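1. build me a structure from this.
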Amino acid sequence: MKPTDSELEILHVLWTNGPSTVRQVHDTLSQSRDLGYTTALKLMQIMYEKGLLSREEDGRSHTYTAAVSEEATQRNLVDRFVETAFRGSASKLVMQILGQHKASREELDEIKNLLSDLNRDLSD
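-> Residues are numbered from 1 along each chain as shown. A predicted model of the protein is given here:
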């Protein structure tokens, strides 16, 4: 399931901070953007219904936890992006990214190591 941009922001807060109440998520998000408490509450209720969040009830407050991992979500978003924007070509995506953005020496070394690992896996 592909989260919306707003849902992704909420997931980032929960991945970073761990289980949180709506108030805690709202307070974090409202530091960088104008977001009403009721909007955050509604979004998190929808995300719970969609299966993106789990919820524990403790009296009147609810504590929400991300029900999807950051890695799995990133993988799904990238897969969809590669399919729709680059017609399934991962190499076109990588060439576009490296052509548009200056990578640091450390990032290039990390990419080389990843490519080396992938080549080794193909050889096995």
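
2. burial measure for residue 21, as a count.
-> Applying other Cβ atoms under 10 Å, we find 14 residues neighbouring residue 21. Every residue, glycine included, has its C-beta placed from N, CA and C.

3. pretty sure it is in contact with residue 59, am I right?
-> No. In this structure residue 21 lies outside contact range of residue 59 using Cβ atoms under 8 Å: 11.4 Å.

4. give me the common contacts of those two.
-> When contacts are counted by Cβ atoms under 8 Å, 6 or more residues apart in numbering, the set common to residue 21 and residue 59 is empty.

5. quick check: domain ranges of the protein?
-> When the chain is parsed with automatic domain parsing, its domains come out as 5-66, 90-124.

6. run through who's touching the longest helix belonging to the chain.
-> If you go by DSSP state H, the chain has its longest helix at helix 105-123. Contacts with helix 105-123, where a contact means Cβ under 8 Å, 6+ apart, come from residue 103.
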